[in-house]
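Participant: just to be clear, the model below is a prediction. Sequence and coordinates:
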Amino acid sequence: MNAPMSRYYFYRMLDADGRTRSKLEKLPAADSFTARLLVEQRHNATILTLQALPSLISPLFSLIGLLLRRAIPLPLLAEFLHSLGMMLKSGLPVDAALQDLADDTEHRELKRMIAELVITVRSGNSLSSGLEWHADLIPMTVRSLVAIGEQSGNLDRVLLDAAAHLKRMIALRQDTSKALIYPAFVVTSILGAALFWIYYVLPDLSDIFRQMGAELPPLTLSVMNGVHHMRSFLADYGSWMLAGGLIAGLLLVRTETPRRGLYWLAYHLPVSKILVRTSAMAFIS
C-alpha cells in the first residue's frame with residue numbers, strides 16, 4: 001500500500017471547545033478541498049483559513065521534520081500492536097482500546113500518534129487510513145497488514161501477527177549488528193590510524209626531509225604534497241565535514257532512498273552480501 005500524496009498546509013481552525021488554533025502540518029492530500037475535509041474530520045473542528053505551501057519549499061520542511069522527529073523504538077511499537085490486538089480480541093472497540101493505550105503510554109511521540117488515531121477512528125475513518133498519516137513512523141509492512149485485517153475482518157489476529165513480525169525483525173537486526181561488530185571495529189581502527197598518520201606523522205616527516213635537503217623520488221614527493229594539501233583541507237573544512245557526516249547519518253537512518261543505495265552497495269560487497277542476502281531471505285520467508 002502506497003502512502004497518499006502529501007503537501008504541507010498552514011491552517012487556522014475553530015475546535016469543538018471554541019478555541020482558535022493555528023498549525024503547520026503535512027497532510028496526505030494533493031488539493032486544499034481534500035485537506036480541509038481531512039482536518040475537519042480528524043479534529044472535529046471548523047477550518048477558518050487554509051493555505052497550501054509552495055511545493056518548492058516542502059522538501060526543506062520535510063528535511064527539518066526528519067531531523068527533529070523523535071522516532072518510535074521498534075520494541076515499543078511491537079508492544080503497542082500486541083496490546084491493541086489483545087484488547088480487540090477481548091471485545092473492546094477500537095477507539096476505546098486506543099484511548100486506554102494512549103492513557104498508559106509515556107513515550108511522547110507514541111502517545112501523540114495514538115491520540116491522533118483515536119480522533120481518526122472516532123471521525124468514522126479506518127485504522128489503516130489513520131496509520132497512513134504516520135507512514136514515517138509505522139513500517140509499510142505493518143500498515144499493509146492492518147489494511148488486510150480490516151478487509152478480512154481479522155484485525156485482532158493481524159495486529160498480533162504484525163507485532164510478532166516486528167519482534168522477528170528486531171531479533172534479526174540484533175544478530176546482524178553483532179555479526180558486524182568486528183568488521184566495523186577493524187574499519188574504524190584503520191581509518192583512525194590513517195587519519196592520525198596523515199595529520200600528525202607524515203607532515204613531520206615531510207619537514208625533516210625538506211630540512212635535510214635530500215633528493216626524494218617523484219612518488220614520495222607526490223605523497224608528501226598530497227599529505228600537505230590533505231592536512232590543510234582538514235584544518236579548514238574538518239568541522240564542516242563532521243557536521244555533514246552527522247546530517248548524512250540522520251538522513252540515512254530516517255529516509256528510504258539513501259537506505260536503498262546503502263543496501264544495494266552492501267548487497268554487492270564481498271563480505272556484507274552474505275549477511276544482507278541471508279537477512280533478506282529470512283524477511284521474505
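Facilitator: In hand now; what should we look at?
Participant: low pLDDT regions in the stretch 151-285 of the chain?
Facilitator: Applying pLDDT under 70 to the stretch 151-285 of the chain flags the ranges 214, 250-256, 283.
Participant: let's see that with 80 instead.
Facilitator: Applying pLDDT under 80 to the stretch 151-285 of the chain flags residues 172, 176, 195, 198-221, 223-238, 245-260, 271, 279-280, 282-285.
Participant: ok, which stretches of it are helices?
Facilitator: Per DSSP state H, counting those that start in this stretch, the stretch 151-285 of the chain carries helices over the ranges 155-179, 181-196, 202-212, 218-254, 256-268, 272-284.
Participant: and among the ones you listed, the most buried is which?
Facilitator: helix 155-179 (a mean of 17; mean count of other C-beta atoms under 10 Å). C-beta coordinates here come from the backbone N, C-alpha and C atoms, glycine included.
Participant: other SSEs contacting that one?
Facilitator: The contact analysis (3 or more C-beta pairs under 8 Å, 6 or more residues apart in numbering; DSSP states H and E) places helix 155-179 against helix 74-89, helix 140-152, helix 272-284.
Participant: dump these to CSV, plus distance to residue 243.
Facilitator: Shown next, in CSV, are these (distance: least, C-beta to C-beta, whole Å):
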stretch, distance to residue 243
helix 74-89, 28
helix 140-152, 31
helix 272-284, 27
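Participant: and of these, who's closest to residue 25?
Facilitator: Closest to residue 25 of the helices and strands packed on helix 155-179 is helix 140-152 (C-beta to C-beta; 19.4 Å).
Participant: compute the distance between residue 223 and residue 189, please.
Facilitator: Distance, residue 223 to residue 189, by C-beta to C-beta, to the nearest Å: 22 Å.
Participant: again, but for residue 105
Facilitator: Separation of residue 105 from residue 189 (C-beta to C-beta) stands at 42 Å.
Participant: repeat for residue 126
Facilitator: Distance, residue 126 to residue 189, by C-beta to C-beta: 52 Å.
Participant: next: residue 210.
Facilitator: From residue 210 to residue 189 the distance is 31 Å (C-beta to C-beta).
Participant: residue 75: neighbouring residues, count only.
Facilitator: 11 (other C-beta atoms under 10 Å).
Participant: surely it is in contact with residue 173?
Facilitator: No. In terms of C-beta atoms under 8 Å, residue 75 does not count as a neighbour of residue 173; the distance is 10.8 Å.
Participant: joint contacts of those two?
Facilitator: Residues touching both residue 75 and residue 173 (C-beta atoms under 8 Å, 6 or more residues apart in numbering): there are none.
Participant: domain ranges for the protein?
Facilitator: 7-68, 74-166, 180-254 (automatic domain parsing).
Participant: if I read this right, residue 55 contacts residue 7, doesn't it?
Facilitator: Yes. Residue 55 is in contact with residue 7 according to C-beta under 8 Å; the separation is 7.1 Å.
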